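> This is a predicted model, with the sequence first.
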Amino acid sequence: MFLSRGSDMPRPPAFMPGGALARPPRFRATGGRPAWPALAQQELQIALCVPLGGTAGIWGPSAMASAKLAVAELNREAGIGSRSCRLLTVNAADDAPDIEATLIELVQAGDVDAIIGMHTSAVRQRILRAVGGQIPFIYTPLYEGGESTPGVFAIGETTARQLGPAIRWLGARKRPRRWFAIGNDYVWPHVSHRMARGYIAEAGGELVGETYVPFGTTDFSEALHALHQGRADAVLLSLVGQDAIEFNRAFGAAGMSRAMFRLSCAIGENELLGIGADNAENLYVACGYFATLDTEANLAFKERYRTHFGERAPTLNTFGQSTYEGMHFLAALLDRKLRPAARHERLGSSPLHYRSARNAAYDGDGITRTPIYLARAEGNAFRVITQL
């Protein structure tokens, strides 16, 4: 439980311990690659960094549940390298002030073996400045691309693989001429919109305007006015969590969905429920996972998820399932390292096979292949239209 600090109450930790803490050795970067020491033969302690509040707090419950399912699966089998694993949850909300201090303390004390991160790129950059290159860091959600820090494995979708094909597909069928982009004011929206300008031009359109808002924005009247003034045919949305909900509610209430469609790479099932069916007309999402995916891998994943947590489990979505995938990726990565013949300096350079709800694959040297789908909101669910 997280408690506010009272005058006669000690400050609570910024993490939720899950039991006795392991004290593994560290690794250090040498010659552009991390040098990985042999892990001690005790329980693996993994820091699960997810937002527990703020704009992206809506991602937290499903992310924690999905990671716990993966841990339960691993521990029922051989664990990771014949070692059981345990999660320690760190609040990675964008407005959390002590992420860096918490992780520095844990890493310096030797209390965590690895990090699973499911949060915004702004938080990823903060974590890397604090402890980058010291322990393995699996970054799981969609992001702008280009992460190359030694010891960091970004396994989610990238802007190039989401936006380029989606804009081409929609451009060929809906023929929008004037696009307007709105996003939160941090690296992922800025990079995505810069890349989108080229994709839109290739599809015969023009990006006529863009605007950025801080996390926690609730009044989008100026943005809606700009859309109207710009005579937009299409809106590229790079808002996250609650901000995406607030914008789309206002957009729907203003009756603007009849004149223009919306495209996002970061609206999941939780956000769609918050937006409401009446406000979701002509809303498209390009993403690597939807709960409605009718694939063998996803059907099996959903069955295991509901068997483990019951019918009241947190709603499955792209952000949550990414931590499940991240845990299994980490297991494959460390299992490879723990083999006697493995060369530590080559960790992550060769392909890995790991359990995934979306049939993702790792080709080695930081290259991840994730199927990308385009879906349209229909009521309170997404209907997958095509694989891009």
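Perfect, thanks for sending it. Worth saying up front: this structure is predicted, and the values here are computed from it rather than measured.

> residue ranges for the helices of this protein, please.
For the chain, the helices identified by DSSP state H occupy 60-76, 99-108, 121-131, 159-174, 187-202, 221-229, 241-253, 269-275, 296-309, 318-338, in order along the chain.

> In JSON lines, list these along with mean pLDDT, mean neighbour count and distance to Pro51.
All C-beta atoms are positioned from the backbone trio N, CA, C, and that covers glycine. Listed next are the helices of the chain as JSON lines, based on pLDDT from 0 to 100; neighbours: other Cβ atoms under 10 Å; distance: least, Cβ to Cβ, whole Å:
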{"stretch": "helix 60-76", "mean pLDDT": "96", "mean neighbour count": "21", "distance to Pro51": "5"}
{"stretch": "helix 99-108", "mean pLDDT": "95", "mean neighbour count": "18", "distance to Pro51": "10"}
{"stretch": "helix 121-131", "mean pLDDT": "96", "mean neighbour count": "19", "distance to Pro51": "8"}
{"stretch": "helix 159-174", "mean pLDDT": "96", "mean neighbour count": "19", "distance to Pro51": "21"}
{"stretch": "helix 187-202", "mean pLDDT": "97", "mean neighbour count": "19", "distance to Pro51": "14"}
{"stretch": "helix 221-229", "mean pLDDT": "93", "mean neighbour count": "15", "distance to Pro51": "23"}
{"stretch": "helix 241-253", "mean pLDDT": "97", "mean neighbour count": "22", "distance to Pro51": "8"}
{"stretch": "helix 269-275", "mean pLDDT": "97", "mean neighbour count": "22", "distance to Pro51": "12"}
{"stretch": "helix 296-309", "mean pLDDT": "95", "mean neighbour count": "15", "distance to Pro51": "20"}
{"stretch": "helix 318-338", "mean pLDDT": "88", "mean neighbour count": "25", "distance to Pro51": "9"}
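
> With Phe261 as the reference, name the closest of those.
When the helices of the chain are compared by Cβ to Cβ, helix 159-174 sits nearest Phe261, at 6.3 Å.

> Identify the residue nearest the residue most central in space within the chain in space, chain neighbours excluded?
The structure's the chain has its C-alpha centroid closest to Pro141; by Cα atoms, centre = their mean the separation is 2.0 Å. Leaving aside its chain neighbours, Pro141 sits nearest to Gly156 (4.7 Å; criterion: Cβ to Cβ, 6 or more residues apart in numbering).

> That neighbour against Gly145, yeah?
No: contact criterion Cβ atoms under 8 Å: Gly156 and Gly145 do not qualify, at 9.5 Å.

> higher neighbour count, those two?
Neighbours were tallied for Gly156 and for Gly145 using other Cβ atoms under 10 Å; the higher tally belongs to Gly156 (26 against 18).

> Now do stretch 283-299: distance to the chain's middle.
Between the centre of stretch 283-299 and the centre of its chain there are 15 Å (Cα atoms, centre = their mean, to the nearest Å).
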